[in-house]
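Just need the structure, nothing else, for what follows:
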Amino acid sequence: MSPRALHPRSFVDRHGLWTSEQRRAAVEIDRAIKRHKLDVVRFAFADQHGTLRGKTLVAEAAPAAMRDGVAMTSTLLAKDTAHRNVFAVFGKDGGMNIPEMEGAGNFIMVADPATFRVLPWANATGWLLCDIYFPNGRPVPVDTRRLYRVALERLAATGFDYFAGLEVEFHLFKLEDPRLAPEDVTWPPPAPRVSLTTQGFQYLTESRFDQVDPILETLRKTMQALDLPLRSLEVELGPSQYEFTFAPQAGLVAADAMVLFRSAMKQTARRHGHLVSFMCRPRIPNIFSTGWHLHQSLIDRKTKRNAFVSQDQAQLLSGVARHFLAGLLAHAGAASPFTTPTTNGYKRYHGINSMAPIQAIWARDNRGVMIRALGAPRDPSTHLENRAGEPLANPYLYMASQIYAGLDGMANRLAPPPSADAPYELKAEPLPRTLDESLDELSRSAVMRTGFGDAFVDYIVAIKRAELARAAQHTKTDDDVAGTTAWEHQEYFDLA
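Prediction:
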């Protein structure tokens, strides 16, 4: 009997949600569940913050669930970073102006069979990343994975594919107290208590690396078992600060990799008595800020070559790359809520000579600018590195914002300003210094509104402004550490 006969007129079939390649992959997953003797399969989607949410099904139920979907409560799409509802669920204003969400109705997770993994840290457990739809088959309009796919399609219509590599800093701590006593059950809960894994201040030294090699080896093997294209593991300058870098990948796969990387790191570390934090600047003495540097280029769909490569010996970048670069700079402020979505992330932008950007400028191989241009004429690895991001950014929104900014630069043939050889002396357009400022710029941005749509921009701005309103209730005190408030530490330190 054919697999189709086993699953007649499924949700996927009725609404035509899979490609032929996905259908074939689903059949292979049916076989893999049996071959690996899986007990359960996790179905997950990335919410508005890039946090994975989902349900775990027993293995026997997974094949049907792949095709019929898994129901989830739509209130998950109304939550802030404390997992509190920002929008009313019932009554006149319920549903966020989305009829299908009124009354806390369901949406359906539909697995993307191309994302299937067997989780190396969990016993007999499979994993699938999902897109989300309403029961009537309509895509959920605030599904950030879908929004990124739309951006990729618009870029493809101009003849290019997006190519991105991840360079992600994080903090790795020893978990001392998970704060699970009954009196600790607050909403949000207090941050776990931790100790350091290195003293820091010995950048890229082999001895520091060896001190933490046992846990880094475990994390490395997890990344490799997941087929994530890990390139390097590095000890950064700050105490307990590290960096993983990954080879570039095309399109949707690059953003999916970031979602899986963060989730896998946190879960694997926790099982080994450690805590990985992607918060930019935890409220811990002497801790340094972390960033997420996004390496990006465009691939010509006809030639399959890097469209950023200059064939002119006098030019570092091609014309396409220069226009794309100019767009990134012109719309840097409006993209900031997507590159840096937390109040804490803006702590990076306030220091001089901190190797973090404070202005919307670029330069060749210069770590003080926002956009670092890497490569050389006729060098196939030529690309742009955006150094403005924070590790907690939703990768679908971060990358989509880059595409829309770059597309505007290309469409209007914008020219970048001169290279900034002294980035902290040049007086150029400053990056927003706070989340509040960046939300103002996003709200005014015709480019981002045209790209993401007015409804989504208003939705994400409302969620982040609710976060700001809660933060404002907790004023700074004398025991703030490096400008990081106790509220920020509680809100972001263990955010998934």
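
Spit out the contact partners of Ala314.
Contacts for Ala314 were tallied using C-beta atoms under 8 Å, 6 or more residues apart in numbering; they are Pro377. C-beta here means a position set from N, CA and C on the backbone, and glycine is covered the same way.

for Arg208, same thing?
Applying C-beta under 8 Å, 6+ apart, the residues contacting Arg208 are Thr198, Gly200, Gln202, Val235.

out of those, which are buried?
Of the members of those, the ones counted as buried by neighbours, 16 or more other C-beta atoms under 10 Å, are Thr198, Gly200, Val235.

how about JSON lines for these, with pLDDT, distance to Thr73 and secondary structure added?
Putting those into JSON lines (pLDDT from 0 to 100; distance: C-beta to C-beta, whole Å; DSSP: H, G, I helix; E, B strand; the rest coil) gives the following:
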{"residue": "Thr198", "pLDDT": "94", "distance to Thr73": "41", "secondary structure": "coil"}
{"residue": "Gly200", "pLDDT": "83", "distance to Thr73": "42", "secondary structure": "coil"}
{"residue": "Val235", "pLDDT": "92", "distance to Thr73": "42", "secondary structure": "strand"}
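
remind me which residues of this structure are low pLDDT?
Screening the chain residue by residue with the criterion pLDDT under 70, one finds the ranges 1-8, 91-95, 350-354, 423-426, 475-479.

Next one: the residue most central in space within it from Leu316, what distance?
For the chain, the residue sitting closest to the mean C-alpha position, by C-alpha atoms, centre = their mean, is Pro395 at 2.6 Å. Shown here: Pro395 relative to Leu316, a distance of 27 Å by C-beta to C-beta, to the nearest Å.

so His36 sits right up against Thr125, yeah?
No - here His36 does not reach Thr125: they are 9.4 Å apart, not a contact under C-beta atoms under 8 Å.

quick one: which of the buried ones among the contacts of Arg208 is nearest Ser297?
Using C-beta to C-beta, Val235 is the member of the buried ones among the contacts of Arg208 that lies nearest Ser297, at 27.9 Å.

contacting residues for that closest one?
Taking C-beta under 8 Å, 6+ apart, we find Val235 in contact with Thr198, Gln202, Tyr203, Leu204, Thr205, Arg208, Phe209, Val212, Gln241, Tyr242.

cool, Gln359 as well?
By C-beta under 8 Å, 6+ apart, the contact list for Gln359 reads Val369, Met370, Ala420, Pro423, Leu426, Lys427, Ala428, Glu429, Pro430, Leu431.

Could I get the contacting residues of the third one?
This points to Ala420. Gln359, Ile361, Trp362, Ala363, Asn366, Gly368, Val369, Leu426, Ala428.

from those, which ones fall inside strands?
By the criterion of DSSP state E, membership of those in strands covers Trp362, Ala363.

Distance from stretch 317-337 to the middle of the chain?
Distance of stretch 317-337 from its chain centroid, counting by C-alpha atoms, centre = their mean, to the nearest Å, is 19 Å.

Now do the buried residues in it.
Counting neighbours by 16+ other C-beta under 10 Å, the buried set in stretch 317-337 is 317-318, 320-337.

Show me those that map onto helices.
Residues from the buried residues of stretch 317-337 lying in helices, with DSSP state H as the criterion: 320-330, 332-337.

Regarding the protein, what is its longest strand?
Determined from DSSP E, the single longest strand within the chain is strand 160-177.

strand partners of it, parallel vs antiparallel please.
strand 193-196 (antiparallel), strand 241-246 (antiparallel), strand 249-250 (antiparallel), strand 274-277 (antiparallel), strand 292-300 (antiparallel) (DSSP bridges).

So which residues make contact with the last one?
Spelled out, it's strand 292-300. For strand 292-300, with C-beta under 8 Å, 6+ apart as the criterion, the contacting residues are 155, 159-169, 248, 250, 305-308, 320-321, 324, 339, 374, 382-387, 389-391, 393, 398-399, 402, 406.

let's see it at 6 Å
Strand 292-300 is touched from outside by 160-161, 163-165, 167-168, 306-308, 383-387, 389-391, with contacts defined as C-beta atoms under 6 Å, 6 or more residues apart in numbering.

Okay, buried residues for that strand please.
Buried residues in strand 292-300, counted by 16+ other C-beta under 10 Å: Trp292, His293, Leu294, His295, Gln296, Ser297, Leu298, Ile299.

Export stretch 266-273 to PDB, keeping only CA atoms.
Written as PDB, here are the backbone C-alpha positions of stretch 266-273 (Å, rounded to 0.1, in the frame of the first residue of the first chain):
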ATOM      1  CA  LYS A 266      21.100  25.300  25.800                       C
ATOM      2  CA  GLN A 267      19.600  21.800  26.100                       C
ATOM      3  CA  THR A 268      22.900  19.900  25.800                       C
ATOM      4  CA  ALA A 269      24.700  22.200  28.300                       C
ATOM      5  CA  ARG A 270      21.900  22.000  30.800                       C
ATOM      6  CA  ARG A 271      22.100  18.200  30.700                       C
ATOM      7  CA  HIS A 272      25.800  18.400  31.700                       C
ATOM      8  CA  GLY A 273      25.300  20.900  34.600                       C
END
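
What strand or helix carries Gly451?
Following DSSP states H and E, one finds Gly451 within helix 446-452.

Check Asp210 too.
Asp210 belongs to helix 206-211, assigned by DSSP H and E.

Could you point out the helix or strand that follows that helix?
Toward the C-terminus, helix 206-211 is succeeded by helix 213-225 as the next helix or strand (DSSP H and E).

buried ones in the host helix or strand of Val27?
With elements taken from DSSP H and E, the one containing Val27 is helix 20-35. By neighbour count, with 16+ other C-beta under 10 Å as the criterion, the buried positions of helix 20-35 are Gln22, Ala25, Ala26, Ile29, Asp30, Ala32, Ile33.

Pro417: how many residues sit nearby?
Applying other C-beta atoms under 10 Å, we find 15 residues neighbouring Pro417.

Surely it is in a strand?
No - the secondary structure assignment for Pro417 gives coil rather than a strand, going by DSSP: H, G, I helix; E, B strand; the rest coil.

so how far is Ala307 from it?
Here the distance between Pro417 and Ala307 works out to 21 Å (C-beta to C-beta).

Glu390 now?
With the distance defined as C-beta to C-beta, Glu390 ends up 28 Å from Ala307.

The two: which is more packed in?
Ranked by neighbour count (other C-beta under 10 Å), Glu390 and Ala307 place Glu390 first, with 26 against 21.

what's the closest residue to Arg322 other than its chain neighbours in contact with, if anything?
In space, and not counting its chain neighbours, Arg322 is closest to Pro416: 5.7 Å by C-beta to C-beta, 6 or more residues apart in numbering. For Pro416, the contacting residues are Arg322, Leu325, Ala326, by C-beta under 6 Å, 6+ apart.
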